[in-house]
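Trainee: Sequence and predicted structure, then a few things I'm wondering about:
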Amino acid sequence: MEHISPENQARIDAIEAALLKRWPENRIEPTLDRIAALVDILGSPQLSYPTIHIGGTNGKTSTSRMIDSLLFEMGLRTGRFTSPHLESFLERISINGEPIPAAEIIFAYNDIAPYLDLMDAKFEHPISFFEAITALAFAAFAEHPIDIGVIEVGMGGQWDATNVVDADVSVIMPIGLDHMEYLGETLTEIAQTKAGIIKENGFVVMAQQEPESAVELLKQAASVGADVAREGIEYSVLSRAVAVGGQLVTIQGIKGIYSDIYLPLHGKHQATNAAAALVAVEAFFGDQELDIEAVRAGFANVKSPGRCEVLHRDPTIIIDAAHNPHGAAAIAETIAGEFTFDEVIGVFAPMGDKDVRGILLELEQVMDSIIVTANSSSRAMAISDLEKIAQEIFGVERTFSAPSLESAIEKAVADAIRPLSDDSIGILITGSVVSVGEARTIVRKKYGEGTQS
């Protein structure tokens, strides 16, 4: 991370404050009218470089980071746009694998700010936070300039602000039930919205899907004449073995077999993400063979902060951004299969609009006790309501609560330190991206020593 001067930090804080005054990220109006008009008046910066577009429900950010790392190792200048962020909004806009330099974001913002105001005046609803930051990323990438954009969908697909790109390759990660108030009540409806990123004569990589999602995605691909690579049919993870700090995988791509890939991330779902990332890059390069050494280096250098990330050892503190049952099942399986804890203490702080019961049913498989709490967001679930649901699933004896995330982490660390015991105790902090972002900051401040970067 670059060291940001106090003057630049003050400017960045002012930019963030201005963006946050806009419509919040979780409020959506299903239309591309505003973002389309905005990028049009900016000169369509998002069309000045080829793009890979990543949608789906779970695994989008990790897969985007893998694609970025692979392309960078292959000698391309990359721009990556992901959301939400853990600690700083600069993480969302990354150039050559690093958060955008402060000077560049300030320049790009000053460049587009007058146009944001102009659009606010033209439309019934002002430009939203997410639309503004998407346009900011597109403009910064064009200015840099980059060779390729790796663009993660914010929510849905069809009318997501990122869908003004004309992607060469679209990637659709597993689709689950999330954001149902916007995307529909059934997998069929959600998949229809998410299929909206598949472009005319493009290429689509489909990770493993439930049958009803797969049907919708294939329908859309057929209607626009896109080529399809499906996990388990055209490509697959041939093998994976747990290794120190991650796993070794062999992937069957669309052009060949890539063996002995070390991935410094935990969990079977990360191997699935890796296979989708590799096939997206294969498709992007067309007939050109990929250099296996560049593939290995690209995967070896991947980081995915806040995804089963070991923040501290002794006690071991792991953070994971799971915020729906599908994500919770993945982290539960990873903790059970790839770590050797005798006991796991959970710290759980979800948002109020999530399927909290569904998440807790998954986490209960691996957490011996749970401390429920809340992050600082106004959307956090009330601790008293959360405690009731947790008690139903875990029982009263195994359920605890704490008034803040910081006090919950202190309690977990105190409980985990057992001087006379040989037991290995793990602490798992999860429930939302905001919670793990805040936990990262708290753990770094309080228990700085032994923190893994």
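Mentor: Happy to help now that I have it.

Trainee: and stretch 10-17, which residues are buried?
Mentor: 11-12, 15-16 (16 or more other C-beta atoms under 10 Å). Just so you know, the C-beta spots here come from the backbone N, C-alpha and C atoms, and that holds for glycine as well.

Trainee: should've said stretch 417-437
Mentor: For stretch 417-437, by 16+ other C-beta under 10 Å, it's 425-437.

Trainee: export the buried residues of stretch 10-17 to CSV and tack on secondary structure and distance to Val205?
Mentor: Putting the buried residues of stretch 10-17 into CSV (DSSP: H, G, I helix; E, B strand; the rest coil; distance: C-beta to C-beta, whole Å) gives the following:
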residue, secondary structure, distance to Val205
Arg11, helix, 39
Ile12, helix, 35
Ile15, helix, 34
Glu16, helix, 33
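
Trainee: May I see those organised as TSV, with pLDDT added?
Mentor: Below are these laid out as TSV (pLDDT from 0 to 100):
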residue	pLDDT
Arg11	96
Ile12	96
Ile15	97
Glu16	95
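
Trainee: Now do the helix or strand encompassing Glu104: distance to the chain's middle.
Mentor: Assigned by DSSP states H and E, Glu104 belongs to helix 102-122. Taking C-alpha atoms, centre = their mean, to the nearest Å, one finds helix 102-122 lying 25 Å from the centre of the chain it belongs to.

Trainee: where along the stretch 351-453 of the chain do the strands fall?
Mentor: For the stretch 351-453 of the chain, applying DSSP state E, counting those that start in this stretch gives strands covering 369-372, 399-401, 425-430.

Trainee: who's in contact with Tyr235?
Mentor: 205, 229, 251-254, 275, 278-279 (C-beta atoms under 8 Å, 6 or more residues apart in numbering).

Trainee: Pull the most distant pair out of those.
Mentor: Spatial extent of those (C-beta to C-beta) is set by the pair Val205 and Gln252 at 13.3 Å.

Trainee: Between these two, point out the one with more neighbours.
Mentor: Val205 (30 against 19; other C-beta atoms under 10 Å).

Trainee: Leaving out the residues flanking it, which one is nearest to the more buried one?
Mentor: Val171 (4.5 Å; C-beta to C-beta, 6 or more residues apart in numbering).

Trainee: For the one you found, what is the enclosing helix or strand?
Mentor: Counting by DSSP H and E, Val171 is part of strand 169-172.

Trainee: hang on, the earlier thing: out of the contacts of Tyr235, who's nearest Ser94?
Mentor: For these, the nearest to Ser94 is Leu278 (19.7 Å; C-beta to C-beta).

Trainee: Is that closest one located within a strand, as I assumed?
Mentor: No - the assignment for Leu278 is helix, going by DSSP: H, G, I helix; E, B strand; the rest coil, so no strand is present there.

Trainee: Report the contact partners of the residue minimising distance to the centre of the chain.
Mentor: Nearest to the mean C-alpha position of the chain, counting by C-alpha atoms, centre = their mean, stands Thr61 at 3.0 Å. Neighbour list for Thr61: 82-83, 152, 304, 307 [criterion: C-beta under 8 Å, 6+ apart].

Trainee: and it, what element?
Mentor: helix 60-73.

Trainee: Which residue ranges of the stretch 1-150 of the chain form strands?
Mentor: With DSSP E, counting those that start in this stretch as the criterion, the stretch 1-150 of the chain has strands spanning 51-55, 78-81, 93-95, 98-99, 148-152.

Trainee: Point out where the protein drops to low pLDDT.
Mentor: For the chain, the stretches with pLDDT under 70 are 1, 25-26, 28, 178-183, 449-453.

Trainee: Got the domain ranges for it?
Mentor: 6-300, 309-446 (automatic domain parsing).

Trainee: thinking again about what came up before, what separates the residue nearest to the centre of the chain from Gln209, distance-wise?
Mentor: 19 Å (C-beta to C-beta, to the nearest Å).

Trainee: what's in contact with stretch 185-194?
Mentor: Counting by C-beta under 8 Å, 6+ apart, residues outside stretch 185-194 touching it are 55-57, 153, 156-159, 172, 175-178, 180, 183-184, 209-210, 212-217, 220.

Trainee: Strands - which of those land there?
Mentor: 55, 172 (DSSP state E).

Trainee: which one of the contacts of Thr61 is nearest Phe89?
Mentor: Nearest member of the contacts of Thr61 to Phe89, counting by C-beta to C-beta, is Ser83, at 9.1 Å.

Trainee: burial of that closest one, as a residue count?
Mentor: For Ser83, using other C-beta under 10 Å, the count is 22.

Trainee: One more: Ala241?
Mentor: 8.

Trainee: So what does it look like in phi/psi?
Mentor: The phi/psi pair for Ala241 (degrees, to the nearest 10) reads phi -140, psi 140.

Trainee: do the same with the one 10 residues further on
Mentor: Recorded main-chain torsions at Ile251 are phi -120, psi 130, according to degrees, to the nearest 10.

Trainee: ok, now how distant is it from Tyr235?
Mentor: 7 Å.
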